[in-house]
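> Pasting the sequence and the predicted model now:
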Amino acid sequence: MAENRENLTIHIKEDWCKGCGICIAFCPKQVLGFNENGKVTMLDRENCIKCGMCQMRCPDFAIFLGGKEDV
């Protein structure tokens, strides 16, 4: 059964992220940014519309929509 997007959240696997910024560029709400380590981080979780563009564009599968158990 498909999970309702409201119950999903963005997960970022920092050790997989190479800091290319593709997900940041494609985010329609600009809720992603770089942290002090040059890796992608969620800057504004409240305004994320959970569209999945970041997940679709990440070449390293470092960012994805999932539930709490998917971490």
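Alright, I've got the coordinates.

> what sits against residue 45?
Contact partners of residue 45, counting by Cβ atoms under 8 Å, 6 or more residues apart in numbering, are 9, 10, 31. For the C-beta atoms, the positions are set from N, CA and C on the backbone; glycine is no exception.

> show me where pLDDT drops low in this structure?
The chain contains residues with pLDDT under 70 at 1-3, 69-71.

> Tell me which stretches of it form helices.
Applying DSSP state H to the chain gives helices spanning 22-26, 53-57.

> So for the first one, what gets flagged as buried?
By neighbour count, and taking 16 or more other Cβ atoms under 10 Å as the criterion, the buried residues in helix 22-26 are 22, 23, 24.

> try the last one
Within helix 53-57, the residues scored as buried using 16+ other Cβ under 10 Å are 53, 54, 55.

> With stretch 15-24 instead?
Residues of stretch 15-24 classed as buried under the neighbour-count rule (16+ other Cβ under 10 Å) are 17, 22, 23, 24.

> now do stretch 55-66
For stretch 55-66, burial by neighbour count (16+ other Cβ under 10 Å) applies to 55, 58, 62, 63, 64, 65.

> out of these, what pair is the most spread apart?
Maximum pairwise distance among the buried residues of stretch 55-66 (Cβ to Cβ): 12.8 Å, between 62 and 65.

> can you put the buried residues of stretch 55-66 in CSV and add distance to residue 5?
Listed next are the buried residues of stretch 55-66 as CSV, based on distance: Cβ to Cβ, whole Å:
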residue, distance to residue 5
55, 12
58, 18
62, 20
63, 15
64, 13
65, 7
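
> Of the residues you listed, which is the nearest to residue 38?
For those, the closest approach to residue 38 (Cβ to Cβ) belongs to residue 62, at 12.8 Å.
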